[in-house]
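Undergrad: structure of the sequence below:
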Amino acid sequence: MVSLFQAVVLSIVQGITEWFPVSSSGHLALLQQLFGFQNLAYDVFLHFASILAVIVIFRKDIINLIKFDKKWKFVYFGLLILAVIPAFIVGVLLKKYIIGSFHNPLFLGIFFIFSGIVIYSTKYAKEKKSEVGIIESLFIGLMQVFALFPGVSRSGMTISAGLFAGLKKQEVIKFSFLLAIPIIFGASLAEATQIFNSDTSCLILSVSLIITFLVSLITIKLLLKIISGEKFYLFGVYNFILGLIVLIFSIILKI
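TA: Predicted coordinates:
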């Protein structure tokens, strides 16, 4: 059972960490361990609330894309689907192991450190091309697979992959955020029954939806400015330090 206080805290954290490349799933897993419960269906609901902010901010791009009045729009849509496939396959095949990793703080620490190293490495990426192609789409999709595990940021992996591939920042941002829509909507549909059959009240779900949505709007706009200002790699430092802290505490608690 999620209390109102817990819902407010988790919603704020979700709204910030879903779009900042610091892993919302990892932060939610840490907080839920502190609160003494684990509710994956509620986590998925918070992710659904976050994706609504993307739809609002990128609504013009989405509307323009789904008109399908030009060949490049069909191609772009196909590239988004291609990038979804790796995470979908791995998610289905390894679902049991992925869920189990949410309960292990040792894995959580390792994944945070991994995410930090990848994101910091974007400091050395150089722009080479402006458009996403098949190779770039597949590479972004493969990197997104890591984000199935807690502590690995989905936006961190997809944006980093795009930067490593030499894509322009604005193109990377748009592709990464549009890619989040089918991934998160798919997960939401898969968990929809559990969400509405859980003991979480309508009040809690409503409050969570509103807070997460509003905080996500602010976070996305801040992230766009941060990436444009060449400071994206600094999120890697945060992930690495947090990973070390989690790793040290998990080892101490086991001793």
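Undergrad: next, the contact list for the nearest residue to residue 200 once chain neighbours are set aside, please.
TA: Leaving aside its sequence neighbours, residue 200 sits nearest to residue 2 (CB to CB, 6 or more residues apart in numbering; 5.4 Å). For every residue, glycine as well, the C-beta is placed using N, CA and C. Neighbouring residues of residue 2 by CB atoms under 8 Å, 6 or more residues apart in numbering: 10, 37, 39, 42, 200, 204.
Undergrad: now do the helices in this structure.
TA: Remark: helices assigned in the chain by DSSP state H are 4-17, 24-35, 40-57, 59-65, 71-93, 95-101, 105-121, 134-146, 154-164, 169-197, 202-228, 234-254.
Undergrad: confidence score at residue 131?
TA: Predicted confidence (pLDDT) for residue 131: 83.
Undergrad: ok, back up a step: ramachandran coordinates for the residue nearest to residue 200?
TA: Backbone torsions for residue 2, taken as degrees, to the nearest 10, come to phi -90, psi 120.
Undergrad: so it versus residue 91, what's the distance?
TA: Residue 2 is 24 Å from residue 91, where distance means CB to CB, to the nearest Å.
Undergrad: do the same with residue 11
TA: Applying CB to CB to residue 11 and residue 91 gives a distance of 24 Å.
Undergrad: the two: which has the busier surroundings?
TA: Between residue 11 and residue 91, counted using other CB atoms under 10 Å, the more crowded position is residue 11 (25 against 16).
Undergrad: what residues does the more buried one make contact with?
TA: 46, 49, 207-208, 211-212, 215.
Undergrad: pLDDT wise, what is the closest residue in space to it that isn't next to it in sequence at?
TA: Residue nearest to residue 11 in three dimensions, not counting chain neighbours: residue 211, with 3.8 Å by CB to CB, 6+ apart. Per-residue pLDDT puts residue 211 at 96.
Undergrad: stretch 52-65: how far from the chain's middle?
TA: 17 Å (CA atoms, centre = their mean, to the nearest Å).
Undergrad: separate out the buried members of the contacts of residue 2.
TA: Among the contacts of residue 2, the ones that count as buried by 16 or more other CB atoms under 10 Å are 10, 39, 42, 200, 204.
Undergrad: residues contacting the first one?
TA: Same thing as residue 10. Residue 10 makes contacts with 2, 28, 31-32, 42, 46, 208, as judged by CB under 8 Å, 6+ apart.
Undergrad: gap between it and residue 189?
TA: The gap separating residue 10 from residue 189 is 21 Å, by CB to CB.
Undergrad: ok, now residue 150?
TA: The value you get for residue 150 to residue 189, if CB to CB is used, is 21 Å.
Undergrad: okay, the two: which has more neighbours?
TA: When residue 150 and residue 189 are compared on other CB under 10 Å, the one with more neighbours turns out to be residue 150, at 25 against 11.
Undergrad: next, that one: phi, psi?
TA: Per degrees, to the nearest 10, the backbone of residue 150 is at phi -70, psi 140.
Undergrad: so what's it up against?
TA: Residue 150 touches 23, 25-26, 28-29, 101-102, 107-108, 111, counting by CB under 8 Å, 6+ apart.
Undergrad: the residue positioned nearest the centre of the chain and residue 182, how far apart?
TA: Taking CA atoms, centre = their mean, the centroid of the chain lies closest to residue 154, which sits 3.5 Å from it. Noted for residue 154: a distance of 12 Å to residue 182, by CB to CB.
Undergrad: shaky segments in the stretch 151-255 of the chain?
TA: Counting by pLDDT under 70, the stretch 151-255 of the chain has low-confidence residues at 190-193, 195-197, 254-255.
Undergrad: so how far is residue 240 from the closest residue to residue 253 other than its chain neighbours?
TA: Leaving aside its sequence neighbours, residue 253 sits nearest to residue 105 (CB to CB, 6+ apart; 7.6 Å). According to CB to CB, residue 105 and residue 240 sit 16 Å apart.
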